[in-house]
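Asker: sequence first, then the predicted structure:
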Amino acid sequence: MTAPYDDTAVALRPLDPRVRLLWWTASALALAIVLVAALAGGLLLEDGWSGLPALVVFVFGTPLAVAIPWLRYRRWRYALREDDLWISRGVIWRSTSVIPYARLQFVDTTQGPLDRMFGLAQLIVHTAAPGTSGQLPGLASDEAEALRERLARVRTSARDV
């Protein structure tokens, strides 16, 4: 009987802590949009309960908007191992992806407006098989670029072997 894989043996790295601020900002913006919609919907009610939808959204949405980014940050980890990229993520549904360097097709970085505002970038690795690509959000921009270049070099040397 083989022993189960022990992920504690992997040197896991967290995302950049600034990603929490990015995720809190995105959550606050989403909550604000839902609050405006709830207020607009409440104004359509004619029985005097016009503020209730917005109150419900605020009471339940605010703790979620604060807690989920914090939990997401705690759950995202990655490691560059000798032969593969190891990514672990998920708050409710945990997911671990192991992407062999030999399977990489190309590696790129991307930045949205909020990423740029916080000096962050996302690293995306693509493989030939559909649905097996990987993504690392919340990396410092220079770190994401360095990882992109390193993985591009590793991919080239892995194919030469």
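Answerer: Here it is on my side, so go on.
Asker: next secondary structure after the longest helix that the chain contains?
Answerer: Counting residues, the longest helix found in the chain (DSSP state H) is helix 18-44. Downstream of helix 18-44, the first helix or strand assigned by DSSP states H and E is helix 52-75.
Asker: counting by contacts, list what that following helix packs against.
Answerer: Applying 3 or more CB pairs under 8 Å, 6 or more residues apart in numbering; DSSP states H and E, one finds that helix 52-75 makes contact with helix 18-44, strand 84-89. From N, CA and C alone the C-beta is placed, and that goes for glycine too.
Asker: please identify the deepest-packed of those.
Answerer: Burial of the helices and strands packed on helix 52-75 is given as mean neighbour count (mean count of other CB atoms under 10 Å); strand 84-89 ranks first at a mean of 19.
Asker: check what contacts it and list those residues.
Answerer: Strand 84-89 has contacts (CB atoms under 8 Å, 6 or more residues apart in numbering) with 7, 10, 12, 72, 75-80, 94-101, 125, 134-136, 151.
Asker: strand partners (parallel or antiparallel) of that strand?
Answerer: strand 77-80 (antiparallel), strand 95-100 (antiparallel) (DSSP bridges).
Asker: for the shortest one, the distance to its chain's centre please.
Answerer: Right, the one you point to is strand 77-80. When distances are taken as CA atoms, centre = their mean, to the nearest Å, strand 77-80 is centred 13 Å away from the chain's centroid.
Asker: may I have the phi/psi pair for the most centrally placed residue in the chain?
Answerer: Nearest to the geometric centre of the chain sits Pro137, at 4.6 Å (CA atoms, centre = their mean). Main-chain torsions, Pro137, degrees, to the nearest 10: phi -80, psi 170.
Asker: any idea how far Ser88 is from Arg77?
Answerer: Separation of Ser88 from Arg77 (CB to CB, to the nearest Å) stands at 5 Å.
Asker: what do those two both touch?
Answerer: Leu12.
Asker: and the longest helix of the chain, what other elements does it pack with?
Answerer: Packing partners of helix 18-44 (3+ CB pairs under 8 Å, 6+ apart): helix 52-75, helix 113-118, strand 120-127, strand 134-140.
Asker: residue ranges with poor pLDDT in this structure?
Answerer: Within the chain, the segments meeting pLDDT under 70 span 1-10, 46-48, 155-161.
Asker: partner residues bridging Leu120?
Answerer: Ala140.
Asker: I should have written Val107 there, sorry.
Answerer: Residues in beta-bridge contact with Val107 (DSSP bridges): Val125.
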